[in-house]
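[1] what's the 3D shape of this:
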Amino acid sequence: GDPVSNRDNNKITSNRPKTRMRFFHPILLLSSSSAFLPTHSNRVHKRSNINNYGQNAFTGTVRQVKSEPVEETKPTAVPQTEASKREHARTSSFEDAQVIGDDLAAILTKSCDNGEPMPEEATLLLRELVSTTSGARGWFVSLLTNMDYDPVFVKPIDESFLSALCDNPEPNIKLMTMNVAMSTATELTHLANGNEDLAAGSRMTAIRSTILVEELMERLPGVRETFEALLSAVDGREDGDKEWMKFCKKWGYGPEQKDAIRRAVEPLLAKN
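    From the prediction side, this is the model:
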């Protein structure tokens, strides 16, 4: 396969082949209007060599029924200073954000494994990355779909990670809500299609997303209100939140998917 970077001491130092177990995440289907496709899809991507900043992003695409590889995005110049690295993280495309997010998630995982806080440089990059919609999407796709990152979700969650989300309620509250709802609904779709492995990936994403929400439900203003709005759209009431009702209708969620989302959301609201 294409070589990817090896990390040593929280820095990318050399290139060598490495296999990563990553599952498809429905957030890959978000358009600029923050919309998901509910149907089963496959993701095909190509990944190039990653330099010492993780700059050269892989591109992913989604096709319904038939999947095809797509061309690589053209790599941009490698940031040379800490300020330029943070600027790049803040202005990154969705594709670049996935690579930066993958690097940061690996650093965060190592820190959690060692019982240490995330290094300051990485924390500053993460804050910039999750401050935009494309950056936050890339971060969540990288973090939630790779099995290697389980240590990040062992409580207590790293404070620098939680603080980065708290400092950027927009767009992260809505994305975290979608992460719970969409992975829950997508698991049912995969099971209905007989895709047990993909269903397991969606289940893992739902569990990880739920853990984050549990940590932030009372800490981050707006999280509880957003989940209450989502619940009102899936629990059968006629006067539910219009935005979330439109969301469910647009992507064809029927009674089964809505009930699954309801069963995922109600315990979150009841715990705190």
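
[2] which stretches of the protein have low pLDDT?
    Scanning the chain for pLDDT under 70 picks out 1-80, 272.

[3] Tell me where it has strands.
    4-8, 11-16, 41-46, 59-64 (DSSP state E).

[4] Please name every helix or strand in contact with the longest helix that the chain contains.
    Counting by DSSP state H, the longest helix found in the chain is helix 169-192. Judged by 3 or more CB pairs under 8 Å, 6 or more residues apart in numbering; DSSP states H and E, the packing partners of helix 169-192 are helix 133-145, helix 196-216, helix 223-234, helix 255-271. C-beta: built from backbone N, CA, C; applies to glycine.

[5] so how far is the first one off the chain centroid?
    So the one you mean is helix 133-145. 4 Å (CA atoms, centre = their mean, to the nearest Å).

[6] which helices and strands does it pack with?
    Against helix 133-145 (3+ CB pairs under 8 Å, 6+ apart) you get helix 94-113, helix 120-129, helix 169-192, helix 196-216.

[7] Please identify the most buried of the ones you listed.
    Compared across the helices and strands packed on helix 133-145, helix 94-113 shows the largest average neighbour count, a mean of 23 (mean count of other CB atoms under 10 Å).

[8] next one: phi and psi at Gly252?
    phi 70, psi 30 (degrees, to the nearest 10).

[9] Which one of the helices and strands packed on helix 169-192 lies nearest to Ala181?
    helix 255-271 (5.0 Å; CB to CB).

[10] Number of residues surrounding Asp259?
    For Asp259, the neighbour count with other CB atoms under 10 Å is 15.

[11] OK, contacts around Phe247?
    By CB atoms under 8 Å, 6 or more residues apart in numbering, the contact set of Phe247 is Ala233.

[12] picking that back up, Thr226 is nearest to which of the helices and strands packed on helix 133-145?
    Nearest to Thr226, of the helices and strands packed on helix 133-145 and by CB to CB, is helix 169-192 at 5.0 Å.
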